[in-house]
Structure formats: structure tokens, C-alpha cells
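>>> Got a sequence here, can you build the structure:
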Amino acid sequence: MPESLRDGRFVMLAPLGEGAQGHTFDGVDKREGRAVAIKRFDVRGARAWKDVELAEREARVLRELRHPRLPAYVDHFEADGSLYLVMEKIEGESLAAMRKRGAVLGEGDVVRLLHDAADVLGYLHGRAPAVVHRDLKPGNVIRRPDGSFAFVDFGAVRDKLRPEGGSTVVGTFGYMAPEQFQGRALAASDVYSIGATAITMLTGVEPEALPHRGLGVDVRAALRGRASETMIDILEQMLEIDPDRRASAIAPLLSRFAGRPKRRERHGDWERELGARIEEGARVFEREMQEAARRWERDAHRAEREGRRAERRARHARRMERANRPMGRAGPWPWPFALVATLAVGLAIPVVLIALKLLLPLLFTFLSLFLGRKTFEAPTAAVRAAGDRAAAAMRRAMAGVQRGPAPPREEEREPASGRAPEAPRVRVEPAPPSDLIDIRARVAAEREERDVVAEAEREAEELLAEERARGKR
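Numbers count the residues shown, from 1 in each chain. Below is the predicted model:
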């Protein structure tokens with residue numbers, strides 16, 4: 001008898017299967033007009049609270065996944081003491097059903113299975129944190145009518161790292177990696193399960209009934225005369241009992257095949273896969289561009305600070321030169337120093353102007369066409385302002401280098417030739433030249449110290465403003 005759920009939106013029909021984490025039923029989403037699979041877990045009949053936790057975790061993880069070879073999440077809810085998870089129904093036949101009727105897969109179909117599994121595991125294991133399925137087996141692999149494979153039943157999934165070590169022992173005997181018996185589940189554990197599924201579908205024999213060498217499956221003896229040498233080598237690496245020596249990913253192993261088998265995909269399959277890949281790529285690209293914008297903004301502020309430091313060093317050098325120069329003498333910097341400083345600052349000015357005033361604003365303008373104008377308005381304005389300030393600081397430093405040390409003040413100059421100095425009204429004994437030089441050096445050092453403190457305060461205020469702006473974003 002059909003059963004209505006969620007105010008009549010879903011209708012639960014005939015059972016599709018039964019597992020450790022509940023029963024799965026065929027169903028219909030009346031609002032969307034599509035077939036769905038409805039998984040029911042009876043909370044009151046749970047053997048332990050861990051079973052309830054696994055059921056809730058499956059719903060949470062499936063809601064975050066978007067991949068054409070995984071069932072799409074539709075809804076989950078609680079009703080009458082049971083947890084329900086509604087997901088896309090994947091049409092096709094499970095490999096367990098094929099085994100039950102005595103069917104096996106040829107090597108070409110197994111290559112296709114390995115390619116599709118590599119695609120899915122690369123997506124799951126590449127998430128942060130990695131999602132480990134922990135129960136890949138023929139009953140959880142669906143062969144679609146077009147020959148592609150999909151992977152279902154995330155009731156045993158692990159989506160969080162446990163720094164203290166250990167987790168629940170979940171899996172199916174024969175398809176579980178040896179380390180899962182110790183409560184450890186790694187990305188390489190899923191690789192082992194896919195290898196066990198592949199060799200079972202090639203031979204038609206369950207993994208525990210295959211020839212063994214020590215504790216591991218003797219792949220070469222099991223596949224002698226049934227598979228190519230390349231396939232044997234690949235499955236040997238996937239079924240290595242030591243997880244440290246086992247292949248941690250399937251994709252690199254498949255490069256030994258000449259190419260991926262051709263597929264006859266339905267229009268909906270490749271369209272859904274393309275849409276999912278574009279959506280995932282757009283999210284990754286947007287995150288990377290936002291991080292790059294923040295990095296470029298920090299680089300612009302750093303260039304501005306370097307320009308101010310260069311100007312400060314130039315001022316300090318001019319003060320020290322005036323303090324140490326004998327009174328009454330003035331002149332340009334020594335030509336080697338002036339040449340090097342002029343070339344360095346002269347080359348830095350166009351590089352900073354081109355980078356901060358032209359290239360980065362153009363890049364931000366181009367990216368805003370795809371990711372939205374508002375995302376890059378603030379970084380663009382900040383980079384342009386930083387470019388203006390950095391260029392102004394470098395121009396002041398250039399002017400200081402070209403100008404050379406300032407001439408002595410009017411009262412320090414020697415009287416013009418032929419003209420007697422005006423007699424002072426009050427006679428003051430001048431200090432010795434060495435004392436005057438020491439006094440002027442101390443005054444210059446004090447000025448430099450005040451400038452350094454003021455500059456440090458300005459930089460601290462700028463860094464604080466950057467952190468506040470970054471927090472708002």
C-alpha cells in the first residue's frame with residue numbers, strides 16, 4: 001500500500017533493498033514529478049545510538065555533494081519515529097543483482113568501472129575534510145543503461161578526521177580493507193574496496209573465495225587467463241594489504257591504458273555532469289580570485305611601505321651628510337652613489353606604475369565581468385590608491401637623490417669675496433667645529449627616531465584597517 005510523506009509530497013512505493021542503516025523504497029516526488037529513492041531508518045529499532053548518528057551523517061554529507069555519478073540530495077526529515085532521506089533514483093542494475101543472476105563484466109567494462117570510480121573518489125577524497133565511503137561493494141554500485149556506473153549508499157560514510165584515532169568498524173567482509181578492522185578508514189581503503197569489487201565482477205567469485213597469498217588476494221593466480229597483464233598489475237596495487245604501500249588513488253594507475261573507453265551517454269547524463277563540473281569550477285575559481293585579490297592588495301600596501309622606507313632612508317642620508325660635512329661646504333652626492341640610486345628608483349617607478357595602475361586594475365575589471373562588479377570594487381580602488389602613494393613616495397626619493405645634500409643655512413655660509421661680514425652686536429664664542437658636528441648629528445638622529453616612530457604608528461593603523469576590512473568581507 002503506497003504511503004504518503006511530507007504532507008503528501010512524497011509517495012513511498014515498493015521496497016528496493018535493505019541494509020544495515022535502514023530500508024530503501026521506490027518513490028515519487030509529486031511536486032517535481034520525478035522518481036526518487038526513499039531511505040527509512042527506524043530510530044526506535046536502532047541497536048545503538050551510533051546507528052542513528054550514521055543515518056544523520058549520511059543525510060548531512062549527501063546534501064553537500066554535487067556529482068553526476070552520485071545520487072542528488074532531495075530532502076530529509078523525521079516522521080513517526082523514523083528518519084527519512086529522499087534522494088534521486090538512479091536507474092539501472094546493481095552489480096550485486098548482476099552477480100545474483102550469474103553475470104560478470106569483461107575487462108573493457110571493468111576499465112570503465114575503474115575510470116568512473118576514479119572520478120568519484122577523486123571528488124570525495126579531494127574535499128576538505130576528505131569524505132571516505134567505507135562500504136563500496138557490488139551492492140552499492142549501479143550500472144546505468146548507458147554502461148556508466150554510479151555509486152550509492154553513504155550510510156557508512158566518514159566525513160570528519162579524528163585526531164585521537166579510531167572510528168567505528170563499518171564495511172562488508174571481503175570488500176573491507178584490512179585496516180578497517182582496526183577502526184581506521186583511509187582514502188586508500190576505498191581504493192581497496194573498488195579493487196575487490198572489480199576482481200569479483202571479472203571472476204564471478206567473492207573475494208574471500210579467491211586464491212590468497214598470505215593475508216592478501218593472489219590477483220595473478222585469480223586472473224590468470226581472464227585479464228591482461230596491465231589489469232593484473234593495476235589490481236595488485238589496489239589490493240595491497242599494507243595501506244602504506246597500496247595505491248592511494250586510482251586515476252594515476254589508469255594512465256597505463258591506451259585511453260578511456262568510449263561511452264554512449266544520454267543527453268541528460270552529460271549535461272548534468274557538465275553543469276556540475278562548471279559549477280564546482282566556478283566556485284573554486286571565485287575563491288582563488290578573491291584570495292589573489294587580497295594577496296595583491298597586501299602586495300600593493302607592501303610596495304607603498306617600501307617606497308616610504310626608501311624616502312625615509314634618503315632623508316636620513318641627507319641629514320647625516322649635512323651633519324658630517326664641514327661647515328660652509330655644499331655639493332652633490334658622490335657620482336657612483338647618485339648613479340646607482342637614480343637608476344634603481346627610476347626603474348622602480350615605471351614598474352610600480354604599470355603593475356598597480358594598469359595591469360592589476362585591468363585584471364580586476366576583466367574578472368568582474370564574470371564574477372560580479374562588487375567583488376572587485378574595493379580591491380581595485382585600494383590597488384590604485386596604493387599605486388598613487390607608492391609612486392609619489394618614489395618620486396620624492398628620486399628628487400632627493402638628484403637634489404643632493406641641502407646647502408648650508410644662510411648663517412653658515414662663508415661671506416662673499418670682497419665683502420666684509422657684518423659685525424655682530426653681541427660677541428658669542430663659537431663652539432669648536434667638532435662639537436657643532438656632534439650636536440647636529442644628535443639632532444639629526446633625534447629627528448630620524450621621531451620619523452621612524454611616526455611611520456611605525458601609521459603602518460600599524462593601516463594594518464589594523466586592513467584587518468577590519470578583511471573581517472567585514
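>>> Tell me how the protein divides into domains.
For the chain, the structural domains run 3-88, 93-265, 278-404+432-472, going by automatic domain parsing.
>>> hey, least reliable of these by pLDDT?
Within the domains of the chain, the stretch with the lowest mean pLDDT is domain 278-404+432-472, showing a mean of 70.
>>> does residue 242 sit in a helix, a strand or a coil?
Classification of residue 242 using DSSP: H, G, I helix; E, B strand; the rest coil returns coil.
>>> what's the burial count for it?
11 (other CB atoms under 10 Å). C-beta: built from backbone N, CA, C; applies to glycine.
>>> Residue 172 versus that one, what's the distance?
Applying CB to CB, to the nearest Å, the value for residue 242 to residue 172 is 21 Å.
>>> Check residue 356 too.
60 Å.
>>> More neighbours: these two, which one.
Set side by side, residue 356 and residue 172 show more neighbours around residue 356, with 25 against 20, by other CB under 10 Å.
>>> Please enumerate the strands of the stretch 101-250 of the chain.
For the stretch 101-250 of the chain, applying DSSP state E, counting those that start in this stretch gives strands covering 141-143, 149-151, 212-213, 216-217.
>>> Pipe those strands into JSON lines and attach distance to residue 345 per row.
Formatted as JSON lines, the strands of the stretch 101-250 of the chain follow (distance: least, CB to CB, whole Å):
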{"stretch": "strand 141-143", "distance to residue 345": "67"}
{"stretch": "strand 149-151", "distance to residue 345": "62"}
{"stretch": "strand 212-213", "distance to residue 345": "72"}
{"stretch": "strand 216-217", "distance to residue 345": "68"}
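>>> Quick one: closest of those strands to residue 447.
Among the strands of the stretch 101-250 of the chain, strand 149-151 comes nearest to residue 447, with 72.0 Å by CB to CB.
>>> Please compute how far that closest one lies from its chain's middle.
Strand 149-151 sits 26 Å away from the centroid of its parent chain (CA atoms, centre = their mean, to the nearest Å).
>>> quick one: buried residues of it?
Buried residues in strand 149-151, counted by 16 or more other CB atoms under 10 Å: 149, 150, 151.
>>> ok, now stretch 336-345?
For stretch 336-345, using 16+ other CB under 10 Å, the buried residues are 341, 345.
>>> same deal with stretch 197-204?
197, 198, 199, 200, 201, 202, 203.
>>> Now find how far off-centre it is within its chain.
36 Å.
>>> Mind checking what helix or strand follows the helix or strand that residue 297 is a member of in sequence?
Secondary structure from DSSP states H and E places residue 297 in helix 267-324. Later in the chain than helix 267-324, the nearest helix or strand by DSSP H and E is helix 335-353.
>>> Against which helices or strands is whichever helix or strand comes after that following helix packed?
From helix 335-353 onward toward the C-terminus, using DSSP H and E, the following helix or strand is helix 360-371. Applying 3 or more CB pairs under 8 Å, 6 or more residues apart in numbering; DSSP states H and E, we find helix 360-371 packed against helix 267-324, helix 373-403.
>>> quick check: angle from the last one to helix 335-353?
For helix 373-403 against helix 335-353, the angle by axes from the mean of the first three to the mean of the last three CA atoms, to 10 degrees is 170 degrees.
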